[in-house]
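Enquirer: need a 3D model of the following:
(3 chains)
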Amino acid sequence: MIEQMIIAGAGGQGIMLVGKVLAESAMRENKFTTWLPSYGAEVRGGSAFCMVSISDEEIPSPYVEEIDTLIVFNQISLKRFISFLKLQGLLILNSSLVSSNINKKKSKIISFPFTEIAIKLGDIRIANMVALGVYLKQKNILKPETVFKTLREIISADKKSLLEINLKAVKEGMRIG
Amino acid sequence: MKKIFKHPQSLRKVSTHYCAGCGHGIAHRLIAEVVDELNIREKVIGVAPVGCAVVAYDYWNFDCCEAAHGRALAVATGIKRCRPQNIVFTYQGDGDLAAIGTNETIHAANRGENLTAIFINNAVYGMTGGQMAPTTLIGQKTATTPYGREANYHGWPLKISEILALLKGVVYVERVSLHAPLEVLKAKRAIKQAFFNQIEKRGFSLVEILSPCPTYWQMSPKEALDWIKEVMTKEFPLGRIK
Amino acid sequence: MKKEKILISGNEAIGEGAIQAGCFFYAGYPITPQNELTAYMAKRMLQEKRIFIQAESEVSAINMVLGASSCGFRAMTSSSSPGISLKQEGISYLAACQLPAVIVNIMRAGPGLGNVFPAQSDYFQATKGGGHGDYHSIVLAPSNIQEAFDFMFLAFDLADKYRNPVMILGDGILGQMMEPLRLSVVSGQLSDRYNLKTKNRKLKAKSWALTGCKKRSPHIIRSLYLKQKEIEELNLLLQKKYKTIKQKESRWQEVDIEDAKVIMVAYGTMARIAKGVVKKLREKNKKIGLIRPITLWPFPQRVFERICQRRIIFLVIEMSYGQMLEDVKLAVEGRAKVEFLGRGGGGIPKEQEILHKIESLKI
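Expert: Below you'll find the model as predicted:
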């Protein structure tokens, strides 16, 4: 089993964090994993993406060009990475910011207004975690408990309310996804 | 009978390769005397430049490191930061300290590295054959200013000591000369102060020494000393700058 | 409880490896894609009460390292391609003065300013000297985060052992990517795997270092010898040392080469991708293998000598237009066919391209 994915959007949408949570959780489950961010001048323009691989075996290239899952948070990222998605790949869209009217035959398209859901939950910044929840429900790669454990570890103890709202967002994603 | 003059322990008993009338030998000896008098020979680490004085380590009798052209103060920074208990100094010419190594010089000084820099200004590149130095005077003829240095073509003599004096990390800058016995004594006093500042952990000190180069000034040793006094000190006035 | 594994980037793993290997002095200058390493050292070196300096230039950084090394301390600097070009003067002096130092190059695409994307186009510069004069740095090429960490121990040990600069040659992907790193087993089985000697980190004092000439005659660190005969003697001494290094320190990894008809040769990030190709094709019973040089200098010539006894095609794959290719050809000496696949300017040869190339070899 190897799961290769790209998570993409604008800077500030928590793109890198979703990827790190996935990679860190994969590590906790003793899987092989790599996380590769966009970096340098590319990031300055405001777009951000990361490539994540999770596997039972050694991972050849951390740079992925044929992906199983694409999670996008804005229109530009969809345009940029849609061609990377394999036939029958999974596409998760933030319909609050991305028009889901795309022509990608045979892909499984899951579309939710993550930004609006996040606002309703109380914090626009947790749209990323709602999407993460949807992903966990859609693909049985990682155990949700592992992801919760990872979140508990990486969100520092002094920000308890932040942790709770993040966990709430992931759970909401899993409920709707 | 009391011994009042002797060969410094910090100077090896060898003859130097310097030309007749060159100032390096005097400057080397002054440093050696100061190192002896401050009783730091076993603690001192010298950093030699690229230029005529590159083999200064063959003349001094203490630990030394050679640096690439202009990099002496970067090398000295590495040494002093690792071994603050040692006394570290650089010995650099005008090309080394004020042309190819200007960046290293300004930034080591600006960091306030607790170092001593001895800067030999003879207004010319000696080792490579008498080319224009950053400190070459207006009108001075060198291998690369055969018609004399012109301000609007070659720029002005660079006053690196005055520039360094502006920096907060610098605690002491003095310009001295070797053109007369009294001046040599003043030079020694300045060198001693610069080493003393380091012992007292005060920060960056620099002594600029106007030094004769009869060979590339195309003068006799005596004429060279007179030229420092009458011409060079007009452009590079002596005394404490900071 | 001490965590067994951590998720960490290559740049940070290199930094932590250096610190655990006893690096006392670091000087660097910001350049992408290795900035996280400099930032990591800024934070950690001060925690460990060691020295971190953000230098005013790459040139100054390498010369500060020379100074720190001259007085007996483990010292390192890091940069990316354009910055490594600037450091070449200092590396040449380190080699000539026989001073140990570790230099990390997280390569980006060139020539010139190029861009920040990953590349392997500094192979020539790293393995053939890079600066002026007849000298070599020992060059190690990690291909994952674990090695990025582990090789720092090896790098400092080799540098001290041979009093020679050692370069860690990675690329932007290795620097930027995160992967799990096992910290606790460094002195255990991994040290055997890489022939590391990390159990006793108490470092020996260096008898040649500048410490002040207390109760001994002065030490002089120099590279200038005014007499022709003296400088020739220094060169002969260096050449003798390089010969020993070639004999003793060649390292490489073999994947399924014994019965292979096509053997890929790749290092660093490229080797990971090639390894994936071996696995894929072996599943289809294709006789394919991989040689991954771990030391790029000394180049692991011996394995080629052994394997050239039989009919074989070598396929060199690089993120450049063919630099290691020349060393493979020198090692093979015409005894086998050597093919090449490469991309530069930040491009990475894809698995599909490699499969296609192997197909075209018609074996």
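
Enquirer: and the pLDDT at C:L94?
Expert: You'll see C:L94 listed with a pLDDT of 98.

Enquirer: tell me how many other residues surround it.
Expert: C:L94: 30 surrounding residues under other Cβ atoms under 10 Å in any protein chain shown. Where C-beta positions appear, they are placed from N, C-alpha and C, glycine not excepted.

Enquirer: next one: the nearest residue to it once chain neighbours are set aside from chain A, what distance?
Expert: Leaving out its chain neighbours, the residue that sits closest to C:L94 by Cβ to Cβ, 6 or more residues apart in numbering or on different chains is C:P165, at 4.6 Å. Distance check for C:P165 against chain A: by Cβ to the nearest Cβ, to the nearest Å, it reads 27 Å.

Enquirer: now do B:Q9
Expert: As judged by Cβ to the nearest Cβ, B:Q9 and chain A stand 56 Å apart.

Enquirer: same deal with B:G78?
Expert: 29 Å.

Enquirer: and for B:R29?
Expert: Note on B:R29: its distance to chain A, by Cβ to the nearest Cβ, is 54 Å.

Enquirer: and what of B:A32?
Expert: From B:A32 to chain A the distance is 52 Å (Cβ to the nearest Cβ).

Enquirer: related to what we said a few turns ago, so who does the residue nearest to C:L94 touch?
Expert: By Cβ atoms under 8 Å, 6 or more residues apart in numbering or on different chains, the contact set of C:P165 is C:91, C:94-95, C:99-103, C:137-138, C:159.

Enquirer: so what's the residue nearest the centre of chain B scoring on pLDDT?
Expert: Central residue of chain B (Cα atoms, centre = their mean): B:F119, 2.3 Å from the mean position. pLDDT recorded at B:F119 is 98.

Enquirer: equivalent analysis for the one 4 residues further on, please.
Expert: pLDDT recorded at B:A123 is 98.

Enquirer: quick one: residues contacting it.
Expert: With Cβ under 8 Å, 6+ apart, B:A123 has these contacts: B:94, B:133, B:135-137, B:140, B:157, B:213, B:217, B:232.

Enquirer: pLDDT and secondary structure added to these, as CSV?
Expert: Formatted as CSV, these follow (pLDDT from 0 to 100; DSSP: H, G, I helix; E, B strand; the rest coil):
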residue, pLDDT, secondary structure
B:D94, 97, helix
B:A133, 98, coil
B:T135, 98, coil
B:T136, 98, coil
B:L137, 98, coil
B:Q140, 98, coil
B:P157, 98, coil
B:C213, 97, coil
B:W217, 97, helix
B:M232, 98, helix
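
Enquirer: separation between the residue nearest to A:Y39 when sequence neighbours are not counted and C:G347?
Expert: Nearest non-adjacent residue to A:Y39, counting by Cβ to Cβ, 6+ apart: C:Q176, 5.2 Å away. Computed as Cβ to Cβ, to the nearest Å, the C:Q176 to C:G347 distance reads 16 Å.

Enquirer: again with C:M167
Expert: Relative to C:G347, C:M167 is positioned 23 Å away (criterion: Cβ to Cβ).

Enquirer: can you find the helix or strand in the chain with the smallest mean pLDDT?
Expert: Using chain A. Sorting the helices and strands of chain A by mean pLDDT, DSSP states H and E puts helix A:41-44 at the bottom, at a mean of 60.

Enquirer: wrong chain, I was asking about chain C
Expert: Lowest on mean pLDDT, DSSP H and E among the helices and strands of chain C sits helix C:189-193, with a mean of 40.

Enquirer: what about the helix or strand just after it and chain B, touching?
Expert: Note on helix C:189-193: by DSSP states H and E, the next helix or strand toward the C-terminus is strand C:220-221. Yes. Using Cβ under 8 Å from any Cβ of the partner chain, strand C:220-221 reaches chain B at C:220-221.

Enquirer: name the helices or strands packed onto the helix or strand just after strand C:220-221?
Expert: Downstream of strand C:220-221, the next assigned helix or strand under DSSP H and E is helix C:228-249. Contacts defined by 3 or more Cβ pairs under 8 Å, 6 or more residues apart in numbering or on different chains; DSSP states H and E place helix C:228-249 against helix C:81-97, helix C:145-162.

Enquirer: still on that earlier bit, so how far is the helix or strand that comes right after the least confident helix or strand of chain A from its chain's centroid?
Expert: Using DSSP H and E, the helix or strand that follows helix A:41-44 in sequence is strand A:47-55. Relative to the mean C-alpha coordinate of its chain, strand A:47-55 is positioned 8 Å out (Cα atoms, centre = their mean, to the nearest Å).

Enquirer: show me what strand A:47-55 is packed against.
Expert: Judged by 3+ Cβ pairs under 8 Å, 6+ apart, strand A:47-55 is in contact with strand A:2-10, helix A:15-28, strand A:32-37, helix A:75-81.

Enquirer: returning to that earlier point: put together CSV for the contacts of B:A123, with distance to chain C on each row.
Expert: CSV is the format used below for the contacts of B:A123 (distance: Cβ to the nearest Cβ, whole Å):
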residue, distance to chain C
B:D94, 19
B:A133, 21
B:T135, 22
B:T136, 24
B:L137, 29
B:Q140, 28
B:P157, 24
B:C213, 19
B:W217, 24
B:M232, 29
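
Enquirer: host element of the closest residue to B:K141 other than its chain neighbours?
Expert: In space, and not counting its chain neighbours, B:K141 is closest to B:G148: 5.2 Å by Cβ to Cβ, 6+ apart. Using DSSP H and E, B:G148 maps to neither a helix nor a strand.

Enquirer: quick check, B:G148 in contact with B:G139.
Expert: Yes. Taking contacts as Cβ atoms under 8 Å, B:G148 lies within contact range of B:G139: 4.5 Å.

Enquirer: if we can go back for a sec, quick one, phi psi at the residue nearest to C:L94?
Expert: phi -60, psi 140 (degrees, to the nearest 10).

Enquirer: now do A:I71
Expert: According to degrees, to the nearest 10, A:I71 has phi -110, psi 120.

Enquirer: report the separation between the closest residue to chain C within chain A and C:L290.
Expert: Relative to chain C, the nearest point of chain A is A:P60 (2.7 Å; Cβ to the nearest Cβ). Going from A:P60 to C:L290 by Cβ to Cβ gives 11 Å.

Enquirer: mutual contacts of the two, please.
Expert: By Cβ under 8 Å, 6+ apart, the residues touching both A:P60 and C:L290 are C:274-275, C:277.

Enquirer: by neighbours, which of the residues you listed wins?
Expert: Result: C:A274 is most packed of the shared contacts of A:P60 and C:L290 (other Cβ under 10 Å), 30 neighbours.

Enquirer: wait, what's in contact with that one?
Expert: The contact partners of C:A274, by Cβ under 8 Å, 6+ apart, come to A:60, C:264, C:266, C:290, C:292, C:317, C:354.

Enquirer: how about a cut-off of 6 Å?
Expert: C:264, C:266, C:290, C:317 (Cβ atoms under 6 Å, 6 or more residues apart in numbering or on different chains).
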